[in-house]
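In: pasting the sequence and the predicted model now:
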Amino acid sequence: MFTQEQLSTSFRASSLILPALRSAIIMDIEQLHNDIRQSLLLDPLSSMHLPTPTLPNWSLDDNGLLCYYNRIYVPDFDTTRLHVLQYKHDHILSGHFGQTKTLELVRQEYVWPNMRTFIQDFCKSCTTCKHSKAPRHKPYGLLKQLPVPEKPWNSISMDFIEHLPKSSKYSAILVIVDRFSKQGIFIPTVDEITAPDLAKLFVTHVFSKHGVPSHITCD
């Protein structure tokens, strides 16, 4: 049996729960949109379309928010995009959905470049999801070492060191290492190197001197 005071308290709480939830949602959205609006001019992409968008599919809504295909563009400034995901993923009414569902929810209202990768990284770093959701993929296999090369320049590895300060028009270094002797070749190149240009570097610096390797390791 419930007392009259307990019943009155329960009814009062149930009658106030919906207005409280609505006010919480409205306050979060208003603050989020206010942050987006203030950071538009600080983002290189969004500042190109202000004060009046001229390119197709770009527009300004009634609240002064920049939209792309009628979805709010979130500028790349400070933690603005992170706040969007905190609202769509971490909010008390969101429920910590997975990567696909979170991406679907965000895409309904917001847009920015490389959104899928950003959301995947955010969901993978969510501690609440890690604690409550068990992985369902197969166990990872054991690491396998590369076979020992039989002779010099029979097996080589390659990698790029990119985004270096420009020197004589070069901004990257192609590093080629012989896995047998550990001899290295450091070839200057550019960040925007293409596959045909890479093949020419191999012919000039590797194939012409050491022949064609049987195995190449790269990422």
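Out: Right, received. Where do you want to start? In this text the structure is predicted, and so the values were computed from the model without any measurement.
In: tell me how many other residues surround Cys67.
Out: A count of neighbours around Cys67, defined by other CB atoms under 10 Å, yields 19. Every C-beta, even on glycine, is put in place using the N, C-alpha and C of the backbone.
In: so for the nearest residue to it once chain neighbours are set aside, what pLDDT did the model give?
Out: Spatial nearest neighbour of Cys67, excluding adjacent residues (CB to CB, 6 or more residues apart in numbering): Ser59 at 5.0 Å. For Ser59, the model assigns a pLDDT of 92.
In: where does Ser59 sit: helix, strand or coil?
Out: Classification of Ser59 using DSSP: H, G, I helix; E, B strand; the rest coil returns strand.
In: same deal with Ile156?
Out: Recorded secondary structure, Ile156: strand (three-state DSSP).
In: wait, it sits on His205?
Out: No. Using CB atoms under 8 Å, Ile156 makes no contact with His205, being 11.0 Å away.
In: which residues do the two both contact?
Out: Residues touching both Ile156 and His205 (CB atoms under 8 Å, 6 or more residues apart in numbering): Ile176.
In: so the two - more neighbours on which side?
Out: Ile156 (24 against 15).
In: does Leu66 touch Ser46 like I think?
Out: Yes. Counting by CB under 8 Å, Leu66 does reach Ser46; the two are 5.2 Å apart.
In: what segments of this structure are strands?
Out: 58-60, 66-68, 71-73, 110-111, 155-161, 172-178, 184-189, 215-217 (DSSP state E).
In: of those, give the one that comes closest to Asn34.
Out: Nearest of these to Asn34, taken as CB to CB: strand 71-73 at 12.3 Å.
In: how about that closest one: buried residues?
Out: For strand 71-73, a neighbour-count test (16 or more other CB atoms under 10 Å) marks Ile72, Tyr73 as buried.
In: show me where this protein has helices.
Out: 4-38, 44-47, 80-85, 99-107, 115-124, 127-132, 195-202, 208-210 (DSSP state H).
In: which one, of those helices, ends up nearest to Ile72?
Out: So among those, helix 4-38 is nearest, using CB to CB, at 6.6 Å.
In: for the closest one, the averaged confidence score.
Out: What helix 4-38 shows for mean pLDDT is 64.
In: quick one on the thing from earlier: shared neighbours, Leu66 and Ser46?
Out: Common contacts of Leu66 and Ser46 (CB under 8 Å, 6+ apart): Leu40, Tyr73.
In: surely Leu103 and Ile119 touch.
Out: Yes. Contact between Leu103 and Ile119 holds when scored by CB under 8 Å: they sit 5.0 Å apart.
In: and those two? Which one has more around it.
Out: Ile119 (23 against 19).
In: identify the residues contacting that one.
Out: Counting by CB under 8 Å, 6+ apart, Ile119 has contacts Leu85, Gln99, Thr102, Leu103, Val106.
In: circling back: out of the strands of the chain, which comes closest to Leu40?
Out: strand 66-68 (5.7 Å).
In: sorry, back to before: from the contacts of Ile119, list the buried ones, please.
Out: Looks like the contacts of Ile119 have Leu85, Gln99, Thr102, Leu103, Val106 buried, using 16+ other CB under 10 Å.
In: so which of the helices of the chain is the most packed in?
Out: When the helices of the chain are scored by mean count of other CB atoms under 10 Å, the highest mean neighbour count falls to helix 80-85 (a mean of 20).
In: good, we can wrap up now.
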